[in-house]
Structures are given as structure tokens and as C-alpha cells.
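Peer 1: coords below, sequence missing:
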């Protein structure tokens, strides 16, 4: 029988989601200094995927988010000092993914101040919560109970 183990990398309790393909609602906003405002997106299904580098959003949701970024995102490239947060509400619990997890400075753009936005559009009709989400929240899979749990990781 499996024991409840809390790895040292987890900051607090695990919140379990009992639906295999869970429903989430999303809020996106930038900090007040950017004066971009709030965007509420409709509830949608989401899955977690340890093999997905970006977070993948349904096309319409992705377009609304990029529009709210005020044109700062061109081909998924934006200033590395951009400040915004994606908020997912899953099973009544809020999960936050800040810009620092969504911006990758790969140096491919010839400007060390420009980063790749790790958010992409997909025609799947659901969200794929890839690496930026996983870096914020440890995933605990309970195959016997057909559920997944999330716990915030300790940030360095």
C-alpha cells in the first residue's frame, strides 16, 4: 500500500483533483504598472503533460491572452522583464504561474533582454499544462484512485 510521502521539494499540502481530465477556469492579468487589466477566460478542460515544454492554450484563449499583453508579444517573443501571471482554478483551488516561469531566455534572438513566451496555441479544445506549470506545482499521480494532486514547489 502506498504511503503519504511529502518530498522536501514540496512547500505545503497536496490538493487532489478527482476528475481524470479536469475542468479549470483561468484568469490572466498583468501587473498594475502595465495597465493591461484583467481577462477572464471561460472554463475549459485541461491535462498535465510532463512532456510538453510550453503551456498550450486553445486558440481563442491564446489570442485573447496575447491581445491583453498589448502587442508586447510578437511571434512569442517579449521582454524578459515582463510581469504577468496566469491563474488557473482547478477543483476550487487557485494555481498561479508567474511570468518568470513563462519566459525563457534562450539567447536565440540576439538580444539578452528578449525572451520566448512558453505559451502556445493549440487546436485541441483544451489546455495542456506543461513545464511552466510543473515548475510551480509538483504533480502527484494516484493511478489507483484515478486522481492527480498538486503541491507548490519550494522556489530557490
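Peer 2: Perfect, thanks for sending it. None of these values were measured; they are calculated from a predicted model. Numbers count the residues shown, from 1 in each chain.

Peer 1: mind listing what's buried along stretch 48-56?
Peer 2: 48-49, 52, 54-56 (16 or more other CB atoms under 10 Å). Quick note: C-beta positions are derived from backbone N, CA and C, even for glycine.

Peer 1: what's the farthest-apart pair in those?
Peer 2: Distances among the buried residues of stretch 48-56 were taken as CB to CB; the most separated pair is 48 and 54, at 13.0 Å.

Peer 1: biggest helix in the protein by residues?
Peer 2: Identified as the longest helix of the chain according to DSSP state H is helix 59-68.

Peer 1: for that one, packing partners?
Peer 2: Counting contacts by 3 or more CB pairs under 8 Å, 6 or more residues apart in numbering; DSSP states H and E, helix 59-68 packs against strand 22-30, strand 38-48, strand 119-122.

Peer 1: okay, now the sheet partners of the shortest one, with direction.
Peer 2: Looking back up the chat, that one is strand 119-122. As defined by DSSP bridges, the strand partners of strand 119-122 come to strand 55-58 (parallel).

Peer 1: circling back: what angle sits between the longest helix of the chain and strand 38-48?
Peer 2: Orientation check (axes from the mean of the first three to the mean of the last three CA atoms, to 10 degrees): helix 59-68 against strand 38-48 gives 140 degrees.

Peer 1: possible to save the buried residues of stretch 48-56 as a markdown table with pLDDT and distance to residue 156?
Peer 2: Formatted as a markdown table, these follow (pLDDT from 0 to 100; distance: CB to CB, whole Å):
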| residue | pLDDT | distance to residue 156 |
| --- | --- | --- |
| 48 | 83 | 22 |
| 49 | 83 | 24 |
| 52 | 84 | 23 |
| 54 | 93 | 22 |
| 55 | 92 | 21 |
| 56 | 92 | 26 |
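
Peer 1: low pLDDT regions in this protein?
Peer 2: 1-38, 70-75, 108-109 (pLDDT under 70).
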